[in-house]
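# Sharing a model that was predicted from the sequence below.
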Amino acid sequence: MTDETNALAVTLFSEILTADQLLRNRLSRVLPKGMEISHFSVLNHLAYAGTERTPAQLASAFHVTRGAMTNTLAKLEWAGYIHIRPDWDDARRKMVAISPAGRQARDQAIASISPLINEVVGQLGQDRVRSTLPVLRDLRIKLEG
């Protein structure tokens, strides 16, 4: 690897990590009281999927340990945002679904973060954001591989 390639890679990852930290800080401030980014992410995933998921599927989707996902799901269940039931076909597994209250909390979270996201996209320009997405998607796919 050349010095130039190495410097480019370090700069790319530095920018992504810094942007991630800044975005997480700003999102945390505008999410509804008591909602964490991980909670919103799971609710958004379940709402978008439209079907139940197992805790293992959710852990895999978010690249976290099963223990971390179990902790997040316990908080969401306590808040009434999800329903967890036994899998009727395999009693060892559980199935997770978003509740009506969870869908409402997710919608409220989207309403609270939309102005921030729209402002950033507006400042960068839709064309620049659209052209960046394939690069970020490819990077994510490479890192998942």
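Perfect, thanks for sending it. Numbers count the residues shown, from 1 in each chain.
# show me what contacts residue 17?
Taking Cβ atoms under 8 Å, 6 or more residues apart in numbering as the definition of contact, residue 17 has no neighbours. Backbone N, C-alpha and C define where each C-beta goes, glycine included.
# Remind me which helix or strand it belongs to.
helix 3-30 (DSSP states H and E).
# Phi and psi next, for residue 96.
Summarising the backbone geometry of residue 96 under the convention degrees, to the nearest 10, its torsions are phi -120, psi 130.
# how far away is it from residue 48?
Here the distance between residue 96 and residue 48 works out to 14 Å (Cβ to Cβ, to the nearest Å).
# Compare the two (neighbour count), which wins?
residue 96 (21 against 9; other Cβ atoms under 10 Å).
# ok, now which ones touch that one?
For residue 96, the contacting residues are 46, 52-55, 58, 73, 82-84, taking Cβ under 8 Å, 6+ apart as the criterion.
# quick one: which of those residues is nearest to residue 127?
Of all the contacts of residue 96, the one sitting nearest residue 127 is residue 46; the distance, using Cβ to Cβ, is 31.9 Å.
# who does the closest residue to that closest one other than its chain neighbours bridge with?
The spatial neighbour of residue 46 that comes closest, neighbours along the chain excluded (Cβ to Cβ, 6 or more residues apart in numbering), is residue 98 at 4.0 Å. Residue 98 has these beta-bridge partners by DSSP bridges: residue 82.
# pretty sure residue 86 is in contact with residue 54, am I right?
No - with contact defined as Cβ atoms under 8 Å, residue 86 and residue 54 do not form a contacting pair (11.1 Å).
# if I look at the two, which residues touch both of them?
In terms of Cβ under 8 Å, 6+ apart, residue 86 and residue 54 are both contacted by the residues 93-95.
# for the protein, what spans make up the helices?
3-30, 37-49, 55-62, 66-78, 100-124, 126-144 (DSSP state H).
# Out of the ones you listed, which is the most enclosed?
Each of the helices of the chain was scored by mean neighbour count; the highest is helix 37-49, a mean of 18, by mean count of other Cβ atoms under 10 Å.
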